[in-house]
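In: When you get a sec, could you give me coordinates for this:
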Amino acid sequence: MSSSLKRRDGFIGEKLISIPLKVLEEVKNKEPDLFQVYVTQIGYFPKANFHYRERRKGCDDNILIYCLQGKGHYILDNKRYEVNSNQFIIIPATEKYMRYWADKDDPWTIYWVHYTGDGIDAFNRALNLGVTNGPVLIPFNEKALEIWQNIYQTLEMGYSIENLCNAGFCLYHLLATFLFPQRRVQSSRENDGDLITKTIHSMRDNINKKLSVEEMAASHSLSVSHFSNLFRKATGMPPIDYFIHIKMQRACQLLYTNNDKIRDVAVELGYDDPYYFSRIFKKYIGSSPEQYRLNIKGIGD
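Out: Coordinates of the predicted model:
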């Protein structure tokens with residue numbers, strides 16, 4: 001495969017979230033018992049022409065890849081495997097060389113999740129997840145796609161401890177649908193329409209604007225103090241801080257998925273002053289936008 005055609009991401013219709021390491025470290029330090037195993041990245045690559053990843057020193061994460069259509073290939077521990085539609089692989093955290101790529105003629109469509117934890121090696125041993133396991137055939141896993149979507153949408157709503165914990169708990173259910181498919185059960189969806197969820201959706205819909213607490217409270221016919229107390233109790237942070245978190249999350253996605261100038265990213269998120277945006281970004285993410293972009297290009301699926 002020509003190096004000029006190899007692509008890590010950037011596929012039409014793709015979805016991708018990579019949680020900043022600083023955010024993960026903070027929640028782990030604050031609530032270590034809740035984050036024994038946790039999601040680090042999640043994505044969906046449809047018809048991923050020329051998708052290619054090489055990891056010379058392995059990966060600290062487990063990598064779950066569910067191939068819905070097409071096919072792909074991977075090499076791990078000097079063995080080569082082919083992954084076909086309706087198959088999944090779980091590559092356990094390892095220091096062994098690996099690479100994986102989409103088939104040239106019939107590129108795969110994949111849902112994938114990276115996850116890890118301080119006890120990931122023991123976790124893998126307990127589930128007999130080894131580097132030689134290979135691809136596993138499975139009937140169409142509708143439940144897994146539903147749970148994957150839940151994880152993705154939860155993380156889209158921001159990186160609060162509640163959301164990260166929710167994603168981590170859902171991860172166990174997601175894995176169970178693959179590892180124990182005969183035990184899958186269907187459950188009805190619940191429609192959560194509470195004011196906190198509606199507020200967060202409004203934040204996402206107006207991510208390029210400057211919302212005030214007064215506007216948020218008024219949209220629910222509540223006083224500022226009552227609304228703020230409700231929001232803080234539900235999310236663990238004030239409404240404006242949460243809004244900034246969502247803006248910074250979107251900034252991370254933009255910095256990862258395109259090469260727009262920092263000032264253009266700032267404007268897209270409602271910041272007229274790129275220097276102010278950079279200061280806010282560093283405060284919340286732990287590095288400047290420029291440094292984050294350089295660092296994250298060395299991670300990802």
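
In: wait, isn't Thr94 in contact with Val131?
Out: Yes. Under the contact definition of Cβ atoms under 8 Å, Thr94 touches Val131, with a separation of 5.6 Å. Where C-beta positions appear, they are placed from N, C-alpha and C, glycine not excepted.

In: Looking at these two, which is more packed in?
Out: The neighbour count for Thr94 versus Val131, taken as other Cβ atoms under 10 Å, is higher for Thr94 (21 against 16).

In: Next, the contact list for the closest residue to the more buried one other than its chain neighbours, please.
Out: Leaving out its chain neighbours, the residue that sits closest to Thr94 by Cβ to Cβ, 6 or more residues apart in numbering is Gly58, at 4.4 Å. Counting by Cβ atoms under 8 Å, 6 or more residues apart in numbering, Gly58 makes contact with 93-98.

In: Please report the distance of Gly58 from Lys247.
Out: Relative to Lys247, Gly58 is positioned 34 Å away (Cβ to Cβ, to the nearest Å).

In: Where does pLDDT dip in the stretch 101-250 of the chain?
Out: For the stretch 101-250 of the chain, applying pLDDT under 70 flags the ranges 182-193.

In: mind running it again at 80?
Out: 181-194 (pLDDT under 80).

In: Show me the helices in it, by range?
Out: 120-126, 142-156, 161-179, 195-205, 213-218, 224-235, 239-257 (DSSP state H, counting those that start in this stretch).

In: Kindly reformat these as CSV containing distance to Arg53.
Out: Listed next are these as CSV, based on distance: least, Cβ to Cβ, whole Å:
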stretch, distance to Arg53
helix 120-126, 19
helix 142-156, 19
helix 161-179, 20
helix 195-205, 29
helix 213-218, 41
helix 224-235, 35
helix 239-257, 15
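
In: Nearest to Asn49 among those would be which one?
Out: With Cβ to Cβ as the measure, helix 239-257 is the member of the helices of the stretch 101-250 of the chain nearest Asn49 (16.6 Å).

In: For that closest one, C-alpha coordinates in CSV please.
Out: As requested, the backbone C-alpha atoms of helix 239-257 are provided in CSV (Å, rounded to 0.1, in the frame of the first residue of the first chain):
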residue,chain,number,x,y,z
PRO,A,239,-23.7,25.6,33.9
ILE,A,240,-21.2,28.0,32.3
ASP,A,241,-18.3,25.7,33.2
TYR,A,242,-20.1,22.8,31.7
PHE,A,243,-20.7,24.9,28.5
ILE,A,244,-17.0,25.6,28.3
HIS,A,245,-16.2,22.0,28.8
ILE,A,246,-18.4,21.1,25.8
LYS,A,247,-16.8,23.9,23.7
MET,A,248,-13.3,22.5,24.6
GLN,A,249,-14.4,19.0,23.8
ARG,A,250,-15.6,20.2,20.3
ALA,A,251,-12.3,22.1,20.0
CYS,A,252,-10.4,18.8,20.6
GLN,A,253,-12.4,17.1,17.9
LEU,A,254,-11.8,19.9,15.4
LEU,A,255,-8.1,20.0,16.2
TYR,A,256,-7.9,16.2,15.6
THR,A,257,-10.0,15.9,12.5
